[in-house]
Structure formats: C-alpha cells, structure tokens
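>>> have a look at this fold, sequence not included:
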C-alpha cells in the first residue's frame, strides 16, 4: 500500500473509530459465545456464575442456588442489544465525522473532537448511575472490572473474572490505541502522524499494553498463595503471563537502537542483540502460551508431558455428563451396592435429584469416546478440535508481533495490524468455547462420584472406558 493510500485510510477511518470497531466486535463475540455454548448444551450461566443480581459479590460460586442465575436466552439477547446500540452509535458518529472531513487531510484534525466526544459519551453512559441503557449489565461489567483491578487478596478468584481478564489481554492493543488516540488529539498533534515520544513518555504506551497481562498475572499469584491451594498450576500459569512483559518492553526498546541501525553499514536489525532478545522472548511467549492453551485451558491430552501409563482396561462406568444432564437420576437405589444402608441410598438419590435440577437440558452433540490426543469427554464434534488447535497455533505466532510497539507505531502497515487485532479477537472467541466447555466438564467430574453397577446391560445408558488407577491396579 502506497503512502497516499495509507494516509487516506487514516483520514477516513482514524484510530479512535478502529478501536471502537474492535470493541463492538468483542461485544458481538461475547454474545455469540454465550449463544453458541447454550446451543451446544454447555451450562455457561452456571459455569461462569453469571448472576442476575450484580450486588451478590461475596457468595462463592458453589454455594449459589439456581434461582440466582438468569436464563441463557436472556443473557445473550441482552448482549446482542448492547452490541446493536454500541455499533449504531459509533457508526452514526463515524458518518458525521466522514461527512464533515470527506477524506480531506486538512479537515481531519479540525473535526477531531467528534471521535473524542463519542468516546467520552460512551464512558459517561457506562458509569451513569441512573436506571437507563442496560443498568444491570453495566453494573455487572463495572463489578468485573473492580474485581480484576482490585481483587481481594484472601478471597476467591471467580471463573468469570478469569475469562474476563483473559479477554482483556486480547484487547491490550486496543486499550493502547485508545490512549494513543487521546494523545494524538492533543493540541499540536495530528491524527495522521503518531506523536513523538521522548523521555519517560516513550514507556507509557507499552505500560498500557502490559496492564491487562499484569492483572491476569496477579490473579494467578493470588490463587497460588491462597491457603487452600495445594497445586503448582497457578504458578506456572502466572509464568505464562510473565513472559509477555519482555516481549512488550523489549519491543519498545527497539526505538533506542533505531539510530544505530540507520547509520550502520548493514541496516538489518537482526544483528543487534536487543532484537535477538526480543525475538527469543516472542518465540518463548508464543509457544508456551500455545502449550498452556491446549493442555491446561482446554484439557486436551495432545501435548501433555506426563503420558498416561498403560494399564488393563476396566469395565465401563456410567458417564458423568450422562448423569449430570439426565432429567431423573440414572443411578437408582437398586443399582447401588447391596450392602449400602437405606439412609445412604436416600442421601445419594436426593443428591442426584438436586444435581439434575440445577443444570440445563442435555446437549445435542455429546461425543463420549474421543480421538487420541483429545480427552475422554468432549461436547463438540471431534473434527472441530484439530482445527481449533491449528488456528490457535497460527494466531498465537502472530500474537507477539501484534504486541510489537516498535512496528505498530509506524504508519506503514498500520491497517495490516488492525486485521491482526481482528484475528486475535477471533482466536479468543474460539478459545472461550473450549475453555468454558472444559471448566464445566471438570466441575461435573468433581461433583458427581461414580458408583459401582451391578448390571451393565441396562438400556439407554452411556458408558466410557477408563484406565485403571494405581489404587485399582494394586487390588
């Protein structure tokens, strides 16, 4: 793309409106996440603790009754309405800006107050205390921000806050562009030319990029230091977000060597040690994040370091999700061991009935025996997972490039980076589907125990083959 074309696109579609477009795509993505998860039978409302009352902030997730949760249809329809209102308002503002500027470079800065007023109006509506414009949803959104920015050091980290903070890392560049937009609109600056940053001001933009990663990093540290935690997993998860900081700040440091490269005999930046350090940090961050996504966030067995030991096959046991989604308890009193007391049987039956009443209808697609490299229970068609793994790897490799402030701050290729940001939102949109699915499966396996069956010939029951545990192998 030539310089004249790039300048024309800057004048017609400046950075503030590009940031608003990406935010509207994020809202649409979240609405379709909730909608799609509901259609596939994933209980997203209970799993993510999407409360109907935003003031209920201190009740642990596992103690909430079903009545505290809104219906999934109500949730995603409301988010669709928010997307429509946000998009229409932003589009009308852009039309007003476009009619006044008509792509004329001399008029762009004169009418630069239009996008500024648009952003300020959206922020005022967000914090408006009156019961207008989706008050409950705005309160829940602000509550999520407050819990992420000021998490209780001794309190639980809610799964919904984890998802919210992870989505925020995908919008790190958008937040940086919003700050850059305000900087461009200061007197003496121009929307068409990035502002000159000298001294400490050159570190402001990378610091804004690093804030979402720091918030998620701190959540992992709080989980790791919690008195009830006995796992090293939060520590390794925190390490994943810590690897983003060298990528961001080493990228910003490339500007220090720009003059050296310009006057060098060979202007290739790969000869400088800072560039090599940045490249190493980018590779480590991308590959480690990809491995963590597949192995821990999605629970897939493809890249697990500890391969399962081969052991004799055991008789099939009743599926956890089969009992979880059944309208009536699948394990009746007659299916329990004969030496169980009647009081124990009544307790188990009541427990199964309560569990059945808390969950949503059964999913339409439930594949019990998955392929090698996946997991025993998957909720989506098996062919979807290899595609998701490949797309996640490919888009993860562009992740560090997208965070490169020394490249994205130049005018050339700016719109190419805009499409990289769209691709990152798309990657996060796919990531949410499998992340919430795996969380629901884990909770189902933890809450519902498996009981011995006297007869495995009952009709209508689903079973899965499981490897013997070390305890079972010793008996």
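Everything's here; your move. Predicted model only: the values in this text are computed from it and were never measured.

>>> only C-alpha atoms from now on, for both contacts and neighbour counts.
Will do.

>>> what does the model give the closest residue in space to residue 278 that isn't next to it in sequence for pLDDT?
Nearest residue to residue 278, sequence neighbours excluded (C-alpha to C-alpha, 6 or more residues apart in numbering): residue 250, at 5.4 Å. pLDDT, residue 250: 87.

>>> now whichever strand or helix holds residue 206: buried residues?
For residue 206, the host element (DSSP states H and E) is helix 204-225. Across helix 204-225, burial judged by 16 or more other C-alpha atoms under 10 Å covers 205-224.

>>> could you do stretch 78-88 as well?
Those would be 79, 80, 82, 83, 86, 87, for stretch 78-88 by 16+ other C-alpha under 10 Å.

>>> and stretch 179-191, by the same measure?
179, 180, 181, 182, 183, 184, 185, 190, 191.

>>> what's the most distant pair in those?
179 and 190 (14.0 Å; C-alpha to C-alpha).

>>> returning to what we had before: so what secondary structure elements neighbour the helix holding residue 206?
Packing partners of helix 204-225 (3 or more C-alpha pairs under 8 Å, 6 or more residues apart in numbering; DSSP states H and E): helix 135-149, helix 159-170, helix 172-184, helix 233-242, helix 244-253.

>>> worst average pLDDT in those helices?
Out of these, helix 172-184 stands lowest, with a mean of 85 (criterion: mean pLDDT).

>>> what does it rub up against?
Helix 172-184 has contacts (C-alpha atoms under 8 Å, 6 or more residues apart in numbering) with 15-16, 19, 22-23, 116, 189-191, 193-195, 205-206, 208-212, 402-403, 421.

>>> so in the protein, which helix runs the longest?
Longest helix in the chain by number of residues (criterion: DSSP state H): helix 414-447.

>>> ok so, going back, pick the most buried one from the helices and strands packed on helix 204-225.
A comparison of the helices and strands packed on helix 204-225 by mean neighbour count, using mean count of other C-alpha atoms under 10 Å, puts helix 244-253 on top with a mean of 22.

>>> residue ranges of the strands in this protein, please?
Along the chain, counting by DSSP state E, strands occupy 317-318, 463-464.

>>> where's residue 120 relative to residue 383, distance?
Applying C-alpha to C-alpha, to the nearest Å, the value for residue 120 to residue 383 is 45 Å.

>>> now the helix holding residue 206: mean pLDDT?
Helix 204-225 comes out at a mean pLDDT of 93.

>>> now do that helix against helix 244-253, angle only.
170 degrees (axes from the mean of the first three to the mean of the last three C-alpha atoms, to 10 degrees).

>>> just want the angle from helix 204-225 to helix 233-242.
170 degrees.

>>> quick check: angle from helix 204-225 to helix 172-184?
140 degrees.

>>> and for helix 204-225, what are the contacting residues?
Contacts with helix 204-225, where a contact means C-alpha under 8 Å, 6+ apart, come from 148-149, 151, 153-154, 156-157, 162, 165-166, 168-169, 172-173, 175-176, 179-180, 229, 231-235, 237-239, 241-242, 244-245, 248-249, 252, 403, 405.

>>> do stretch 149-164 as well
Contacts to stretch 149-164, defined as C-alpha under 8 Å, 6+ apart, come from residues 47-50, 60-61, 144, 147-148, 215-216, 219, 222-223, 226, 432.

>>> mind running it again at 10 Å?
Contact with stretch 149-164 is made by 44-45, 47-50, 57-61, 141, 143-148, 165-168, 211-212, 214-216, 218-223, 225-227, 432, 435-436, 439, as judged by C-alpha atoms under 10 Å, 6 or more residues apart in numbering.

>>> mind checking how far residue 80 is from residue 287?
Computed as C-alpha to C-alpha, the residue 80 to residue 287 distance reads 34 Å.

>>> hang on, I meant residue 193
For residue 193, the distance to residue 287 equals 34 Å [C-alpha to C-alpha].

>>> show me where this protein dips below the pLDDT cut-off.
Low-confidence segments of the chain (pLDDT under 70): 1-3, 51-69, 195-199, 256-271, 306-370, 399-414, 448-475.

>>> change it to 50
Within the chain, the segments meeting pLDDT under 50 span 52, 54-67, 308-318, 320, 322-365, 367, 407-413, 450-475.

>>> was I right about residue 372 contacting residue 302?
Yes: Residue 372 is within contact range of residue 302, at 7.6 Å (criterion: C-alpha atoms under 10 Å).
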